[in-house]
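In: coordinates only, sequence not included:
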C-alpha cells in the first residue's frame, strides 16, 4: 500500500499600505519556513554576536599584537579604522543586492562567516601588516557589514508590528557578544599563545555566523 503526500499551500492575499509597502496576509510562520518566527530573532542575534568581537574586543588585543607582530600602534589603529569603514560602507549595497534577490540572506551570512575567519587568521599569521589590513580591515569588515545589515533587516521583516524591541535586542548582540572575548584577549592572550587564541576565536565565531546563516 502506498500513499501520496499532498503539499498544502496556505491561502494568502497581498495588502498594500499608504506608503506602497506590500504585505502578504494569511500565511503563518510555520507555513512559510516550518518553524516559529522567534527563530528570526534568535538566529540574527547569534549572528550579531559572532561579528561583535572584531570591533569591541580588538582594543583588548592591541598590546599583544603590538608586541608579538611588531606592528606599530598607528598601524593597528588604522587597521581598526579600515574595518569600521568597510563594515559601514558595505551595508547599503549589500542591502540593495539582498532586496533585489541577487544576494540571498543565507549567502550574505556565509560570506560574513568567511570574512570573520579571514580576519582572525590574518591577525594571527600575516607576515606583514599590509596583509593584515586586507584580511582584517577589508574582508572582515565587509563580512561584518553583510551580517549586520542582514540580521537587522531580517528581524524588521518578521516583526513589523514589534520592530523596535526585537531590533533593539538583536542590535544589542553586536555589543555584549564581545564581552567574553574582551576578558580572553586582555587577561589570557599573550605572545606565547596569541596565534592559538586568535585562530580558536575565529573558528568559533565564524561557525556562529555560519550556523545562523
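Out: Sure, I can see it. Because the structure is a prediction, the values reported are computed rather than measured.

In: contacts, neighbours, all on C-alpha from now
Out: OK.

In: contact partners of the helix or strand that contains residue 141?
Out: Assigned by DSSP states H and E, residue 141 belongs to helix 141-158. Contact partners of helix 141-158, identified using Cα atoms under 8 Å, 6 or more residues apart in numbering, comprise 37, 40-41, 44-45, 47-48, 51, 82-92, 94-95, 105, 108-109, 111-116, 163, 166-167, 170-171, 209.

In: Restricted to helices, list those.
Out: Using DSSP state H, the subset of the contacts of helix 141-158 located in helices is 40-41, 44-45, 47-48, 51, 82-92, 94-95, 105, 108-109, 111-116, 163, 166-167, 170-171, 209.

In: wait, residue 186 sits on residue 56?
Out: No: Residue 186 lies out of contact with residue 56 (Cα atoms under 8 Å); the separation is 12.0 Å.

In: Could you look up the SS state of residue 20?
Out: Secondary structure state of residue 20, per DSSP: H, G, I helix; E, B strand; the rest coil, is coil.

In: what is the rounded mean pLDDT of stretch 157-176?
Out: On average, the pLDDT along stretch 157-176 is 83.

In: buried set for it?
Out: 158, 159, 166, 167, 169, 170, 171, 173, 174, 175 (16 or more other Cα atoms under 10 Å).

In: Around the closest residue to residue 85 other than its chain neighbours, how many other residues sit close by?
Out: Distances taken as Cα to Cα, 6 or more residues apart in numbering place residue 141 nearest to residue 85, at 7.5 Å, with adjacent residues excluded. Using other Cα atoms under 10 Å, residue 141 is surrounded by 31 other residues.

In: Count the neighbours of the closest residue in space to residue 212 that isn't next to it in sequence for me.
Out: Among residues not flanking residue 212 along the chain, residue 43 sits closest, at 4.8 Å (Cα to Cα, 6+ apart). Here the number of neighbours of residue 43 (other Cα under 10 Å) works out to 20.

In: Ok, residue 126 next?
Out: The number of residues packed near residue 126 is 17, by other Cα under 10 Å.

In: give me phi/psi at it?
Out: Note on residue 126: its backbone torsions stand at phi -60, psi 120 [degrees, to the nearest 10].

In: if I look at it, how far off is residue 173?
Out: Between residue 126 and residue 173 the computed distance is 29 Å (Cα to Cα, to the nearest Å).

In: before we move on, back to that, type out the ChimeraX command that picks the buried ones from the contacts of helix 141-158.
Out: The ChimeraX command for the buried members of these (criterion: 16+ other Cα under 10 Å) is given here:
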select :37,40,41,44,45,47,48,51,82,83,84,85,86,87,88,90,91,94,95,105,108,109,111,112,113,114,115,116,166,167,170,171,209
